[in-house]
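Chemist: Build me a model:
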Amino acid sequence: MASADIEDAFSSSLVVAWNGDSLASMSAPSGPNWPATIATARLTLRPAHEDDVEIYRRLLTDQDVRNYLGGPVEGERLTAYVQGYARQPYVFSIVTTEDGKMVGAVNIASDGRYGRREISYSFLPEHWGHGYALEAVRAALGWAFDAVPSEDRSIIAVTQEDNSRSRRLLEKLGMEQIDSFIELDAPKAVYSKISDDHPGTA
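Modeler: So this is what the prediction gives:
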C-alpha cells in the first residue's frame, strides 16, 4: 500500500547523486524539530538509519508495493535512493513496538506538490491488513502539522485513482480530494487535510 511515492520524496535532494557526486559527503539529516520519534499504541516511528537499507530496497523494488507507483525502481535511481534515504529529514522508519520489526516507512516532504507539505507512505505486503498504515500515517500527520514548518495550513497526499485501499485510508484520515492529474500514464488523485487546530479551506 502506498500514497505519494516514497521515491519522489527523495528525488529533489538526491539530484546530486545523479550528477555523480558522492552522497558520503552529505551531512546528517536536519530540519526544524528533527530528528524526532513518534510512539503509537503498537508502533514506533523513528528516523530512518542506514541499517534499514534492505527494507527500503524492498519498498522500492517489490512489485506489489510498486503496483500503483510506476513499477520497481532500478539502476542508478535505485542506487541513489538506497544510499540517500537515511540522509533526509522527516523520513520515518515504522517499527513494531513489541519486537522492533520494520514494517514500512512514512515521509513528510516539507515542500511537496503545489508547494505544500506532502505525506507519503509504503508498507511491506506481509504487513498489510493489520491497521498499521492507518495508525502510523495518522500519527505522522498529526505530528507534521505542528512540527514541519509551512506557510500553508494543509498537508496533501497523492495516490493513483485505481488504488482504492490507499484512497480509503486517506478518507479515513479525514482527507478530501481536491485535484487530479495524469502521471506515468495513470490518473492520480490529490487529497488534502487542514489541521483541526487551524481551520480553513483545503
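
Chemist: Which element, helix or strand, includes residue 142?
Modeler: Taking DSSP states H and E as the criterion, residue 142 maps to helix 132-147.

Chemist: Tell me the helices and strands packed up against that helix.
Modeler: Using 3 or more CB pairs under 8 Å, 6 or more residues apart in numbering; DSSP states H and E, the elements in contact with helix 132-147 are strand 38-39, strand 43-47, strand 91-96, strand 102-109, strand 117-123, strand 154-160, helix 164-172. C-beta: built from backbone N, CA, C; applies to glycine.

Chemist: what mean pLDDT does the shortest one have?
Modeler: It stands for strand 38-39. For strand 38-39, the mean pLDDT works out to 98.

Chemist: any residues touching stretch 132-143, and which ones?
Modeler: Stretch 132-143 is contacted from outside by 1, 3, 36, 38, 40-43, 45, 92, 94, 103-104, 106, 108, 119, 121, 123, 155, 169, 172-173, 193, using CB atoms under 8 Å, 6 or more residues apart in numbering.

Chemist: List the buried residues of that stretch.
Modeler: 132-133, 135-137, 139-143 (16 or more other CB atoms under 10 Å).

Chemist: For residue 67, find the nearest of the helices and strands packed on helix 132-147.
Modeler: Across these, residue 67 has its closest neighbour in strand 154-160 (8.8 Å, CB to CB).

Chemist: so what secondary structure elements neighbour that closest one?
Modeler: strand 117-123, helix 132-147, helix 164-172, strand 186-194.

Chemist: Quick one: distance of the second one to the chain centre.
Modeler: Between the mean C-alpha location of helix 132-147 and the chain-wide mean there is a distance of 11 Å, by CA atoms, centre = their mean, to the nearest Å.

Chemist: any idea of the mean pLDDT for it?
Modeler: 97.

Chemist: The shortest one too?
Modeler: Strand 117-123 shows a mean pLDDT of 97.

Chemist: The last one too?
Modeler: Strand 186-194 comes out with an average pLDDT of 96.

Chemist: Go through it and flag the buried ones.
Modeler: Buried, per 16+ other CB under 10 Å, within strand 186-194: 188-194.
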